[in-house]
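J.: need a 3D model of the following:
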Amino acid sequence: METRYLFKGKTIVGDWVIGLLANNGDKWYISNNAGRPFAFEIRPDTICQCTGLKDKNGKLIWENDICKYQWNGKTKIDVIKYDPPMFSYSGAMRWNLDCDEVIGNIFDNPELLEE
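T.: Residues are numbered from 1 along each chain as shown. The predicted model follows:
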């Protein structure tokens, strides 16, 4: 399966899981990677879609990741957001999502966005 079709989210106990996204009523689930008929209930406010791209270290880039990149000769830190039909940095629309390095995400590392 292509990585861009993957989602991740935090379970109700706070663990990150990656897989296919599904919902049943008002509950959201991500299937496990083993392919068994089992899914983890997740907090809907933590659902993130994979961009299908990787940073310079080979780490997958997800929606709501915090990335460090170079822009006009300066180091910038920004959040990856899905803005249909493309992913972009929240601070500057970028057609070329050239995230140099994923340094965290808005859920686990909000302090990285403080100036």
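J.: any idea what T75 is bridged to?
T.: Beta-bridge pairing of T75 under DSSP bridges involves Q70.
J.: hmm, I was thinking of Q49
T.: F7.
J.: apart from its neighbours in sequence, what residue is nearest C50?
T.: Distances taken as C-beta to C-beta, 6 or more residues apart in numbering place L6 nearest to C50, at 4.4 Å, with adjacent residues excluded. Glycine gets a C-beta too; all of them are placed from N, C-alpha and C.
J.: doesn't I18 make contact with that neighbour?
T.: Yes: in this structure L6 lies within contact range of I18 using C-beta atoms under 8 Å: 5.7 Å.
J.: quick one: contacts for D26?
T.: Applying C-beta atoms under 8 Å, 6 or more residues apart in numbering to D26 gives no contacts.
J.: distance of it relative to F40?
T.: 16 Å (C-beta to C-beta, to the nearest Å).
J.: which residues sit in contact with K68?
T.: Applying C-beta under 8 Å, 6+ apart, the residues near K68 are 75-77, 99-101, 103.
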